[in-house]
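Visitor: Here is the input, now give the coordinates:
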Amino acid sequence: MTEETLTIENKTGIHARPASIFVQTASKFKSKVQIKAKGKTVDAKSILMIMSMGLVKGTEITICADGPDEADAVAALKELVESKFGEE
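Guide: Reported below is the predicted structural model:
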């Protein structure tokens with residue numbers, strides 16, 4: 001299991017467009033990928049689950065992956081969050 005804790009920095013948080021990019025990126029990997037935030041854990045390959053979390057700027061999230069390419073999955077998703085989804 002590989003984990004990385006990050007803070008959402010883009011002004012609008014994770015709304016539909018960044019959630020879509022996040023899901024597309026997570027879906028490229030074989031590993032099981034999850035996001036933990038606000039005491040909940042959801043499937044990072046489900047846009048509805050991500051949207052239901054209401055991830056706004058300043059929210060701390062933990063990206064977890066478990067499987068054959070877990071380190072690559074966490075690294076790619078971390079880069080996406082740190083780039084603010086290309087919005088700023």
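Visitor: Now for Ile21, which secondary structure element holds it?
Guide: Using DSSP states H and E, Ile21 maps to helix 16-26.
Visitor: any residues touching that helix, and which ones?
Guide: The contact list for helix 16-26 (CB atoms under 8 Å, 6 or more residues apart in numbering) reads 10, 12, 14, 33, 44-47, 50-51, 73, 76-77, 80, 85, 87. C-beta coordinates here come from the backbone N, C-alpha and C atoms, glycine included.
Visitor: what does stretch 79-88 give?
Guide: 6, 8-12, 14, 17-18, 21-22, 25, 61, 63.
Visitor: and the contacts of helix 16-26, which two are the farthest apart?
Guide: Greatest spatial distance among the contacts of helix 16-26 (CB to CB): Thr12 and Ala73, at 24.2 Å.
Visitor: Contact partners for the residue of the chain positioned farthest from its centre?
Guide: Farthest-out residue of the chain from its mean C-alpha position, per CA atoms, centre = their mean: Pro68, at 18.2 Å. For Pro68, the contact set (CB under 8 Å, 6+ apart) comprises Lys30, Ser31.
Visitor: What distance do you get for it to Thr2?
Guide: 11 Å (CB to CB, to the nearest Å).
Visitor: CA atoms of the longest helix belonging to the chain as CSV?
Guide: Longest helix of the chain, by residue count under DSSP state H: helix 70-82. Extracted C-alpha coordinates of helix 70-82, given in CSV (Å, rounded to 0.1, in the frame of the first residue of the first chain):
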residue,chain,number,x,y,z
GLU,A,70,0.6,1.5,-6.7
ALA,A,71,3.6,3.8,-6.5
ASP,A,72,3.1,5.0,-10.1
ALA,A,73,-0.6,5.6,-9.5
VAL,A,74,0.0,7.7,-6.3
ALA,A,75,2.8,9.6,-8.0
ALA,A,76,0.7,10.5,-11.0
LEU,A,77,-2.3,11.6,-8.9
LYS,A,78,-0.1,13.6,-6.6
GLU,A,79,1.4,15.4,-9.6
LEU,A,80,-2.2,16.2,-10.8
VAL,A,81,-3.3,17.6,-7.4
GLU,A,82,0.0,19.6,-7.1
